[in-house]
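**Student:** Quick one, fold the following:
(chains A and B)
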2 protein chains.
Amino acid sequence: MNYPNGIQKEYHNLTSYGNRGMSLEEDLNITNEYYREKNIAVIYKKPTPITIYKVDYPSRKDAVIKEARFKIPSTTDYNGIYKGKYIDFEAKETKQKTSFPLSNIHKHQLEHLKKIEEHGGVGFLIVRFNYYGETYLLDNKALFHFLENENRKSIPYSYFQEYGKKIPIGLRPRLDYLKLIEVIL
Amino acid sequence: MNYPNGIQKEYHNLTSYGNRGMSLEEDLNITNEYYREKNIAVIYKKPTPITIYKVDYPSRKDAVIKEARFKIPSTTDYNGIYKGKYIDFEAKETKQKTSFPLSNIHKHQLEHLKKIEEHGGVGFLIVRFNYYGETYLLDNKALFHFLENENRKSIPYSYFQEYGKKIPIGLRPRLDYLKLIEVIL
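**Tutor:** Below is the predicted model:
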């Protein structure tokens, strides 16, 4: 379960919270698929950034990467377009009960979200607290209000409850986060 | 020189055309870096999509991918935000003199560009004709006008000359394609 982000499909045992045991990444992937199918929005997860060192290349179709390493991402994982607006966010799960450790997000990624704000895009964080089976959307405004006023290394769970928006879990769409964006737009 | 897209830095000998021998991808990367430094726009090339089959994982920092394969991309390579607008494009080089073969772009990528148009984003194609040392921006309107009215498997060079916009090559920024977007906005 310690694989780098985006590599491993993590199946958590969250059935007791009404969750069918999918990871946040999987939930977001099927939600984004739904948005694309219904032509609501075009949002994708970016591929995991890697540096390739060695490729076996018998033919174009059969190329096999034999050595590569993970790179630290300079941007967030998700972006796209919704109602003409540029959408950009990072999504993370935590097992912590009382707070979301900021060490889960790279400094570059927070700086990236700040830039998105400056350029008129819609940026936010999606954080799932696995213990509670709850997923929150924290928009850039609330995120940077916290970062610029607090010196803490984690965002308290209570801050998400107060300033975030809880994303309802459904069947289709699975995690209708764009519905919560309407309020920001 | 037959590596899959995005893997290999291709150095073409284009000095006779006033080009310092960088690939289109490198030119776009340093241009996008410039845009970000000057806070003009936030546009990135997406990582090459791969499927990972085997990872050696002594520790998080030292993870080495031992087997992976290239995936067919479902989106374009570049996206981001400029003046509040969602920007999305694909960039390709060709050695052909008379036309740009459409086989260079996946069907999914063209469908993706079409969707971007529908959702109010700014989509386009950047094509470099290596023989002439010329790089053109063909906006979605001109691109789909061609695709929907012609049954050809390639877009003639003359079509780029007539309906595309030639991107001037400079020092900083190297390829100022956003300047040509102003007209579309």
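**Student:** alpha carbons only for contacts and neighbour counts from here, please
**Tutor:** Fine.
**Student:** Quick check: residues of chain A near chain B?
**Tutor:** Within chain A, the positions near chain B by C-alpha under 8 Å from any C-alpha of the partner chain are A:2-4, A:7, A:41-42, A:46-50, A:52, A:57, A:60, A:63-70, A:80-86, A:115-116, A:119-121.
**Student:** Now list the buried members of these.
**Tutor:** A:41-42, A:46-50, A:52, A:63-70, A:80-82, A:84-86, A:115-116, A:119-121 (16 or more other C-alpha atoms under 10 Å in any protein chain shown).
**Student:** before we move on, the earlier item: so which of the residues of chain A next to chain B sit within strands?
**Tutor:** If you go by DSSP state E, the residues of chain A next to chain B have A:41-42, A:50, A:52, A:64-70, A:80-82, A:85-86 in strands.
**Student:** Mind picking the two most distant members of the residues you listed?
**Tutor:** The span of these, defined through C-alpha to C-alpha, is set by A:Lys66 and A:Lys85 at 39.3 Å.
**Student:** OK, contacts around A:His119?
**Tutor:** Counting by C-alpha atoms under 8 Å, 6 or more residues apart in numbering or on different chains, A:His119 touches B:Ala41, B:Val42, B:Ile81, B:Tyr82, B:Lys83, B:Gly84.
**Student:** Could I get those in JSON lines, plus columns for distance to chain A?
**Tutor:** Shown next, in JSON lines, are those (distance: C-alpha to the nearest C-alpha, whole Å):
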{"residue": "B:Ala41", "distance to chain A": "7"}
{"residue": "B:Val42", "distance to chain A": "7"}
{"residue": "B:Ile81", "distance to chain A": "7"}
{"residue": "B:Tyr82", "distance to chain A": "7"}
{"residue": "B:Lys83", "distance to chain A": "6"}
{"residue": "B:Gly84", "distance to chain A": "4"}
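**Student:** Convert the C-alpha atoms of the strand or helix carrying A:Glu148 to CSV, please.
**Tutor:** If you go by DSSP states H and E, A:Glu148 is part of helix A:140-149. Only the C-alpha atoms of helix A:140-149 are listed here, as CSV (Å, rounded to 0.1, in the frame of the first residue of the first chain):
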residue,chain,number,x,y,z
ASN,A,140,-8.7,27.8,-3.3
LYS,A,141,-10.2,30.7,-1.3
ALA,A,142,-10.6,28.6,1.8
LEU,A,143,-7.3,26.7,1.2
PHE,A,144,-5.2,29.8,0.9
HIS,A,145,-7.0,31.6,3.7
PHE,A,146,-5.8,28.8,5.9
LEU,A,147,-2.2,28.6,4.4
GLU,A,148,-1.7,32.3,4.6
ASN,A,149,-3.0,32.7,8.2
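**Student:** any weak-confidence spans in chain A?
**Tutor:** Scanning chain A for pLDDT under 70 picks out the ranges A:1-21, A:60, A:184.
**Student:** in it, which spans are helices?
**Tutor:** Ranges of helices within chain A are A:24-37, A:107-118, A:140-149, A:157-163, A:177-181, based on DSSP state H.
**Student:** Nearest to B:Gln96, out of those?
**Tutor:** helix A:24-37 (34.9 Å).
**Student:** Give me the helices and strands touching the closest one, please.
**Tutor:** Secondary-structure packing of helix A:24-37 (3 or more C-alpha pairs under 8 Å, 6 or more residues apart in numbering or on different chains; DSSP states H and E): strand A:41-45, strand A:85-94.
**Student:** distance between it and the chain's centre?
**Tutor:** Mean C-alpha position of helix A:24-37 versus that of the full chain (C-alpha atoms, centre = their mean, to the nearest Å) differs by 11 Å.
**Student:** which parts of stretch A:105-118 are buried?
**Tutor:** For stretch A:105-118, burial by neighbour count (16+ other C-alpha under 10 Å) applies to A:Ile105, A:Gln109, A:Leu110, A:His112, A:Leu113, A:Lys114, A:Lys115, A:Ile116, A:Glu117.
**Student:** Roughly how far does the closest residue to the last one other than its chain neighbours sit from A:Leu185?
**Tutor:** If I follow you right, that is A:Glu117. Using C-alpha to C-alpha, 6 or more residues apart in numbering or on different chains and skipping residues adjacent in sequence, the residue nearest A:Glu117 is A:Gly123, 6.4 Å away. Between A:Gly123 and A:Leu185 the distance is 11 Å, computed by C-alpha to C-alpha, to the nearest Å.
**Student:** Mind checking which of the two has more residues around it?
**Tutor:** A:Gly123 (25 against 8; other C-alpha atoms under 10 Å in any protein chain shown).
**Student:** A:Ala91 is in contact with the more buried one, correct?
**Tutor:** No: A:Gly123 is not in contact with A:Ala91 according to C-alpha atoms under 8 Å; the separation is 11.4 Å.
**Student:** For the residue nearest to A:Glu117, list the residues it contacts.
**Tutor:** For A:Gly123, the contact set (C-alpha under 8 Å, 6+ apart) comprises A:Ile87, A:Asp88, A:Phe89, A:Leu113, A:Lys114, A:Ile116, A:Glu117, A:Asp139, A:Asn140.
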